[in-house]
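*Asks:* only the shape, not the letters, is given here:
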């Protein structure tokens with residue numbers, strides 16, 4: 001069938017067909033594109049939701065496991081350990097932990113990290129939960145200090161953390177004793193704090209102790225507050241008898257410190273920054289008056305100073321006025337003498353000046369007291385321990401002596417100890433016994449006995465003549481009782497027997513004379529032995545208690 005051609009006017013008006021060159025995206029590419037966008041979003045979200053990464057160094061990584069060990073603040077998880085590595089010099093380990101988001105503002109220079117394990121410290125048991133769950137890192141978050149991400153961790157938990165209200169005070173002591181970190185601090189036998197740290201001070205001359213007192217008890221510590229050591233048991237003997245004191249059972253094991261503020265605390269001054277308190281050994285010592293001004297004197301005691309030690313008290317009639325500061329040993333080669341000078345420190349303010357002594361030069365006062373008999377003397381303060389002390393007192397009958405200067409110090413005159421005085425008197429007696437002419441005495445006694453023998457012979461002759469005269473006098477026999485003459489003969493015979501015994505006694509070969517000479521010899525030996533004993537006891541007086549072998 002043939003098509004009918006369009007009329008010319010219509011053919012010119014018909015539109016020409018157009019071919020499109022546009023390309024369409026395939027549906028296949030939509031799915032990967034969506035996945036890419038989702039992954040990018042998830043990566044962005046993961047990166048932005050992560051907390052800061054901190055680096056902590058420890059001496060050891062005992063109990064820490066990468067990917068498992070948690071970081072906790074007040075038992076709330078705030079992070080996790082990501083890796084554990086050695087340092088370049090192998091001296092420590094480097095722990096990297098990822099903290100939770102929002103923790104970065106609490107990671108500051110005052111922030112502390114430590115390892116929490118099961119332990120017993122300060123009489124308390126902590127970290128028992130780690131026996132089953134393992135150790136974890138504890139953190140003390142704070143807003144103090146500068147922001148940082150590198151820290152040095154502690155091997156043990158700190159005694160106090162930054163969020164505990166209270167205050168740290170500094171105490172100075174000659175020795176630490178039984179105190180340790182965690183030892184309690186008491187106020188009226190109530191635990192209000194504890195020891196947090198200690199260290200040596202002044203080239204090892206003293207110990208500086210840091211104690212933390214919780215609020216509100218920290219306000220009870222004022223500028224005049226006194227601290228003392230309550231470790232162990234305090235045993236004292238006074239006019240009331242034997243007294244045994246202990247602050248608490250815990251202080252017996254761990255030691256402890258107590259404090260009090262004399263007077264009204266609200267009237268006392270506040271504690272100045274950096275103020276260091278003195279830690280007294282006992283409460284009694286804390287109540288004693290202390291004086292800043294001290295004067296030093298030198299003493300030289302004759303004989304041994306055994307039992308005297310640095311710190312021994314210096315007393316005046318039973319009142320403590322100072323202590324022994326130093327004991328040295330000196331040899332004078334020119335004189336060939338050995339001296340043991342003792343340096344004492346005295347607190348002159350303990351003496352109240354009355355009358356004309358007010359405003360007088362202290363050296364002049366001491367010189368006047370020396371002129372009046374002031375002397376130093378060693379005395380035994382404790383018979384059980386043999387400890388000695390320096391006793392100052394007035395001895396009006398003492399030999400005259402003056403106050404002289406020896407180097408940088410004034411030297412006080414001294415007297416022998418009471419025991420040395422007894423030994424000196426005993427030695428003088430023994431010297432006199434040694435000087436007795438025992439042989440001469442025995443010879444004189446022998447001559448005396450010989451004279452008595454001659455006298456008895458003459459008496460015998462006289463009695464014989466008298467008997468003859470009586471026999472020849474017949475009238476006298478009538479008046480004299482016949483019993484009188486036998487009695488006279490009996491008396492004469494008794495005198496003859498006594499004379500014979502005396503002659504036998506004084507005979508050079510007699511046993512009695514030998515016994516007398518032996519007794520005299522033993523007496524001389526005993527005198528020498530007693531002198532040796534006196535010399536030994538003078539050097540070691542405690543041998544009376546402990547024996548010679550000590």
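*Replies:* Arrived safely, thanks for sending. The structure presented is a predicted model; accordingly, all values stated were derived computationally and were not measured.

*Asks:* tell me where this structure has helices.
*Replies:* 8-11, 30-49, 130-133, 249-254, 283-287, 362-371, 418-434, 438-472, 474-479, 484-506, 511-539, 543-546 (DSSP state H).

*Asks:* now the weakest link among the ones you listed, please, by mean pLDDT.
*Replies:* Lowest mean pLDDT of the helices of the chain: helix 474-479, a mean of 48.

*Asks:* residue 69 contacts residue 80, correct?
*Replies:* Yes - using CB atoms under 8 Å, residue 69 is in contact with residue 80, at 7.1 Å. The C-beta positions use only the backbone N, C-alpha and C, and glycine is treated the same way.

*Asks:* and residue 152, how far from residue 94?
*Replies:* 11 Å (CB to CB, to the nearest Å).

*Asks:* and those two? which has more neighbours close in?
*Replies:* residue 94 (16 against 12; other CB atoms under 10 Å).

*Asks:* identify the bridge partners of that one.
*Replies:* residue 57, residue 85 (DSSP bridges).

*Asks:* in terms of pLDDT, where does it sit?
*Replies:* 93.

*Asks:* now do the contacts for it.
*Replies:* 55, 56, 57, 84, 85, 86, 87 (CB atoms under 8 Å, 6 or more residues apart in numbering).

*Asks:* between the residues you listed, identify the one with the most neighbours.
*Replies:* Neighbour-wise, the contacts of residue 94 (other CB under 10 Å) top out at residue 56, 24 neighbours.

*Asks:* state the pLDDT value of that residue.
*Replies:* With respect to pLDDT, residue 56 has a value of 92.

*Asks:* and it, how far from residue 80?
*Replies:* 13 Å.

*Asks:* domains of this protein?
*Replies:* 49-152, 166-287, 297-416, 438-536 (automatic domain parsing).

*Asks:* okay, now residue 224: neighbour count?
*Replies:* The burial count for residue 224: 14, using other CB under 10 Å.

*Asks:* my read is that residue 54 contacts residue 96, right?
*Replies:* Yes - if you go by CB under 8 Å, residue 54 and residue 96 touch, sitting 7.2 Å apart.

*Asks:* which of residue 69 and residue 80 has more neighbours?
*Replies:* A direct count of neighbours by other CB under 10 Å for residue 69 and residue 80 places residue 69 higher, at 22 against 18.

*Asks:* not counting its neighbours along the chain, what's nearest the more buried one?
*Replies:* residue 81 (4.2 Å; CB to CB, 6 or more residues apart in numbering).

*Asks:* for stretch 299-308, buried residues please.
*Replies:* Judged by neighbour count (16 or more other CB atoms under 10 Å), stretch 299-308 contains these buried residues: 299, 300, 301, 304, 305, 307, 308.

*Asks:* now intersect the residues you listed with the strands, please.
*Replies:* 299, 300 (DSSP state E).

*Asks:* tell me which two of the buried residues of stretch 299-308 sit farthest apart.
*Replies:* By the measure CB to CB, 300 and 307 form the most distant pair in the buried residues of stretch 299-308, at 16.7 Å.

*Asks:* ok, residue 370 - how many residues close by?
*Replies:* The number of residues near residue 370, taken as other CB under 10 Å, comes to 21.

*Asks:* ok, it to residue 263 distance?
*Replies:* Taking CB to CB, one finds residue 370 at 40 Å from residue 263.

*Asks:* ok, residue 98 next?
*Replies:* When residue 98 is compared with residue 263 (using CB to CB), they lie 56 Å apart.

*Asks:* count of neighbours near residue 70?
*Replies:* 16.

*Asks:* tell me the contacts of it?
*Replies:* 77, 79, 80, 81, 136, 137.

*Asks:* what count of nearby residues applies to residue 203?
*Replies:* Residues near residue 203, counting by other CB under 10 Å: 6.

*Asks:* now it: phi and psi?
*Replies:* phi 60, psi 40 (degrees, to the nearest 10).

*Asks:* sorry, back to before: what's the overlap in contacts for residue 56 and residue 80?
*Replies:* By CB under 8 Å, 6+ apart, the residues touching both residue 56 and residue 80 are residue 97.

*Asks:* count the neighbours of residue 522 for me.
*Replies:* Quick note: residue 522 (other CB under 10 Å) scores 10 neighbours.

*Asks:* am I right that residue 200 is in contact with residue 176?
*Replies:* No - Residue 200 lies out of contact with residue 176 (CB under 8 Å); the separation is 9.4 Å.

*Asks:* between these two, who's got more neighbours?
*Replies:* residue 176 (18 against 11).
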